[in-house]
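Participant: Next one to model:
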Amino acid sequence: MKYIVAVVLLALTLGLAQGVPLQGGNGNVTAVLFKAITLPSAENQNETVLELDLSLIGTEDAKFELIDSKDNVYSPVLYENLERGRQLLYFKVPEYALFKLFRVTPPEGGPININWWEIPKGTKDDLVLRYYGLIDWSMAPNNQGVVYQVSLFNQSSPLPVALDNFTLLDQWRWPYIPNDIQTLENYRINLIFGNLSPLSKPAFLVYDYTGPNEISIDLENDLKPLPDSKVYGENATAPQPSAPPVTESPKAIVTPPTQETSKVSSLKEEIAASKNRLHNVTSSSMGSQSQPRSTQSLAEEVGRNLQRWSRP
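Facilitator: Modelled structure (predicted):
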């Protein structure tokens, strides 16, 4: 139990803000979801590759299922072991899919149902800002880049946006302006920040920063698990862990699923291509810097930020 608490606390203090880690257990096994990143598929424009960072404590065998808002069920197409008890799972899912549940079925104790992260929403009068998550993250010795996906509506109509409409604040409330913006189908927007300090930890994503229509998304505290009512329905409750059917044979995660070697290699190449594609987007955006501000004005702004955003 102490090990589980230590793992969760470590996730909260290091790396990118990705919301509170999600976890669940059945008395014998504990699963912790640290973060999920959506990558564009290198082969199919209508699909995305979801990379899920997971730890599994108490067993080395399990079956994994990801369930979307339409009750479609997805199984991993590939996984990579990072170290004992920690692995990356990869799912091929439809573009713009929304998820509600992650299910782990270990051989001991019964299924573990973990409610997915809720989509944070900020409002100001008729404006609605929705945050769909981290799309890419690249790290270099002298800088890092991140890509976030959002949508912005005025009542039911999408709003046009410009670079200076959005600001990313790190843990010291230093402001970053996007290097580029990509408007996607379904009126979603990719915000590309390609020149962050390697020591910065993104903390707040803000629309109309310091303006009259300011809307802020807390990249850690606003990312919470979906309530049971949005996963199972208003009058339903989450099922309790029970003994698994004796006929069920969970997938092993220590050895790859039964596949031809060529197919596994192909999946790895596709995922690598997806990551390289977004890394190139982030890197190229660093060449199109937003309008620089003076050192004095930035220092004054950071000082104001520390006062405005300080919390007890």
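
Participant: Identify the residues contacting residue 108.
Facilitator: If you count contacts by C-beta atoms under 8 Å, 6 or more residues apart in numbering, residue 108 has them with 26, 28, 29, 58, 59. From N, CA and C alone the C-beta is placed, and that goes for glycine too.

Participant: Quick check on the residues you listed: which are buried?
Facilitator: Buried residues within the contacts of residue 108, counting neighbours by 16 or more other C-beta atoms under 10 Å: 26, 29, 58, 59.

Participant: What score does the third one have for pLDDT?
Facilitator: At residue 58, the model reports a pLDDT of 93.

Participant: before we move on, what about the first one?
Facilitator: At residue 26, the pLDDT value in this model is 94.

Participant: ok, now residue 269?
Facilitator: Looking at residue 269, its pLDDT stands at 72.

Participant: Checking my notes, it in a strand, right?
Facilitator: No: applying DSSP: H, G, I helix; E, B strand; the rest coil, one finds residue 269 to be helix, outside a strand.

Participant: so how far is residue 87 from it?
Facilitator: Using C-beta to C-beta, to the nearest Å, one gets 19 Å for the distance from residue 269 to residue 87.

Participant: cool, and residue 220?
Facilitator: The gap separating residue 220 from residue 87 is 23 Å, by C-beta to C-beta.

Participant: and what of residue 231?
Facilitator: To residue 87, residue 231 is 24 Å away according to C-beta to C-beta.

Participant: same deal with residue 110?
Facilitator: To residue 87, residue 110 is 21 Å away according to C-beta to C-beta.

Participant: do the same with residue 127
Facilitator: Distance from residue 127 to residue 87, by C-beta to C-beta: 40 Å.

Participant: same check, this time on residue 173
Facilitator: To residue 87, residue 173 is 35 Å away according to C-beta to C-beta.

Participant: What of residue 77?
Facilitator: Distance, residue 77 to residue 87, by C-beta to C-beta: 14 Å.

Participant: what do you get for residue 235?
Facilitator: For residue 235 relative to residue 87 (C-beta to C-beta), the value is 36 Å.

Participant: Tell me which stretches of this protein form helices.
Facilitator: 2-13, 228-232, 261-285, 295-308 (DSSP state H).

Participant: Now do the domain split for this structure, please.
Facilitator: 2-118+224-258, 121-222+278-308 (automatic domain parsing).

Participant: Select from those domains the stretch with the lowest mean pLDDT.
Facilitator: Confidence, taken as mean pLDDT, is least for domain 2-118+224-258 of those (a mean of 79).

Participant: what is residue 154 paired to in the beta sheet?
Facilitator: Legend: beta-bridge partners of residue 154 under DSSP bridges are residue 127, residue 157.

Participant: same thing with residue 64?
Facilitator: residue 104.

Participant: what about the nearest residue to residue 30 once chain neighbours are set aside, neighbour count?
Facilitator: Using C-beta to C-beta, 6 or more residues apart in numbering and skipping the chain neighbours, the partner closest in space to residue 30 is residue 57 (4.5 Å). By the criterion of other C-beta atoms under 10 Å, residue 57 has 18 neighbours.
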